[in-house]
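In: Got a predicted model here, sequence first, then my questions.
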Amino acid sequence: MKLRSIIFVITIISNQVFVAYTHAQSTEKAAPIKPINYNEWKEEAKTNIRLFPKYGNQAKTEQQKEADQKLISAYTQQYESRGKASQMMIKLGFDYLYRGDIKTAMYRFNQAWLLDSSNVDVYWGFGAVYFSLEQGDLAIAQYDEGLKVDPKNARLITDKATVYMMDYQVNNDTDKLKTAIDLF
């Protein structure tokens, strides 16, 4: 009986998150965004390092390095510190994600990482992008990377549990449900 109660509560929470996410998308008046699927994402990422978390850890050109320094300088001046600027980029990233502009969201999360690579919330953003692309395993990998730095980060734990919960709802895999419950 206790397990059923827990499942019921988790299902309600998952549904509320989905409804809130859908409502946030539907209330925006922005221009329509062309949806992108994961295969299109991977293809575009071959020539666009900004679609990889942490820019794919790839070497940058001198022009890209100069652009990075200008961004760091401008946002640090505007928000008083790299940490505050990084947090603002996280917020902007989620704003874009909620509007369905997944690419711009990833750009903002990468900028947040560029501004403050110790900001664990960047993994929350990276994971959310992959979750939006229906790539739960990649989302979990990002959450796990952040949890190595901050094992008690509630955002990362909650979103990781949500991925497992959604996997349970789709595949009826009780192991995923148990993992979600443990994380919640």
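Out: Received it, and whenever you're ready, just let me know what you need.
In: for residue 50, helix, strand, or coil?
Out: Under DSSP: H, G, I helix; E, B strand; the rest coil, residue 50 falls in the helix class.
In: gap between it and residue 120?
Out: 21 Å (CB to CB, to the nearest Å). All C-beta atoms are positioned from the backbone trio N, CA, C, and that covers glycine.
In: again, but for residue 144
Out: For residue 144 relative to residue 120 (CB to CB), the value is 12 Å.
In: Tell me, what's the model's pLDDT at residue 44?
Out: At residue 44, the pLDDT value in this model is 95.
In: how about the nearest residue to it, chain neighbours excluded?
Out: Excluding its sequence neighbours, the residue lying closest to residue 44 (CB to CB, 6 or more residues apart in numbering) is residue 51, at 6.1 Å.
In: my guess is the one you found meets residue 40, correct?
Out: No: in this structure, residue 51 is not within contact of residue 40 by CB atoms under 8 Å, at 10.4 Å.
In: Tell me how many other residues crowd residue 55.
Out: By other CB atoms under 10 Å, 18 other residues sit near residue 55.
In: ah, wrong one, I meant residue 174
Out: 11.
In: What backbone torsions are found at the spatially closest residue to it that is not a sequence neighbour?
Out: With sequence-adjacent residues excluded and distances taken as CB to CB, 6+ apart, residue 174 is closest to residue 168, at 7.2 Å. Phi and psi for residue 168, reported as degrees, to the nearest 10, are phi -60, psi -40.
In: do the same with the one 5 residues further on
Out: Dihedral angles phi and psi of residue 173 (degrees, to the nearest 10) take the values phi -90, psi 110.
In: give the contact list for it.
Out: Residues in contact with residue 173 (CB atoms under 8 Å, 6 or more residues apart in numbering) are residue 167.
In: What of the one 3 residues further on?
Out: Remark: with contacts taken as CB under 8 Å, 6+ apart, residue 176 is in contact with 164, 165, 167, 168.
In: next one: the host helix or strand of residue 63 to chain centre, how far?
Out: Under the criterion of DSSP states H and E, residue 63 resides in helix 62-79. Helix 62-79 sits 23 Å away from the centroid of its parent chain (CA atoms, centre = their mean, to the nearest Å).
In: If anything else comes up later, I'll come back, but that's it for now.
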